[in-house]
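**Q** sequence first, then the predicted structure, then my questions.
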Amino acid sequence: MNEDVIEIIGILIKKMIEDEEILLEEEVIIQELLELGYNIRDIDQAFELIYNGTEIIEAENIGFAESDQVPYYNRIFTIAEKLYLPLNIQGLIIKMIFSRLLSVNESEEII
């Protein structure tokens, strides 16, 4: 990973801290980064790391075999998941988990 990618990730994280919905304006951010002199490959790599970084963290988490083994399960969607899953689908998944129509593992696979 080169230094520009690290700088871009830093810029993206600062923007995310200031405004959680900022990544919804991806085209605007990309244009700003291009105007700052970053190349599109580095920008793409930085966005890829931001969006897929949660998969690395989730892979390290211990999973439960079935949702009935979990006394209380509260799924919070990451920013990347919020971008790709419409709000009504997020609500449906949560309702299905609480109704025990979906196990924890099944819901994670869907997400």
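**A** Arrived safely. Treat the numbers as computed from the prediction; the structure is a model and nothing was measured.

**Q** setting aside sequence neighbours, what's the nearest residue to Asp42?
**A** Leaving aside its chain neighbours, Asp42 sits nearest to Asp4 (4.4 Å; criterion: CB to CB, 6 or more residues apart in numbering). For every residue, glycine as well, the C-beta is placed using N, CA and C.

**Q** residue contacts, that neighbour?
**A** Shown in contact with Asp4 (CB atoms under 8 Å, 6 or more residues apart in numbering): 38-39, 42.

**Q** buried among these? Make that a PyMOL selection.
**A** Selecting only the buried entries of the contacts of Asp4 in PyMOL, with 16 or more other CB atoms under 10 Å as the criterion:
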select buried, resi 38+42
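
**Q** in strands, which of the contacts of Asp4 appear?
**A** Members of these lying in strands (criterion: DSSP state E): none.

**Q** those helices in this protein, which residues are they?
**A** 3-18, 26-35, 40-60, 79-84, 87-98, 104-110 (DSSP state H).

**Q** let's have the ones you listed in JSON lines, adding mean pLDDT.
**A** Rendered in JSON lines, the data for the helices of the chain read as follows (pLDDT from 0 to 100):
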{"stretch": "helix 3-18", "mean pLDDT": "81"}
{"stretch": "helix 26-35", "mean pLDDT": "88"}
{"stretch": "helix 40-60", "mean pLDDT": "70"}
{"stretch": "helix 79-84", "mean pLDDT": "82"}
{"stretch": "helix 87-98", "mean pLDDT": "80"}
{"stretch": "helix 104-110", "mean pLDDT": "83"}
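
**Q** from Ile93, how far off is the residue nearest to the spatial centre of the chain?
**A** The residue lying closest to the centre of the chain (CA atoms, centre = their mean) is Ala80, at 2.5 Å. To Ile93, Ala80 is 15 Å away according to CB to CB, to the nearest Å.

**Q** which non-adjacent residue is nearest Gln45?
**A** Nearest to Gln45 is Val5, by CB to CB, 6+ apart, at 5.0 Å.

**Q** burial check on Glu7, number of neighbours?
**A** Residues within reach of Glu7, counting by other CB atoms under 10 Å, total 15.
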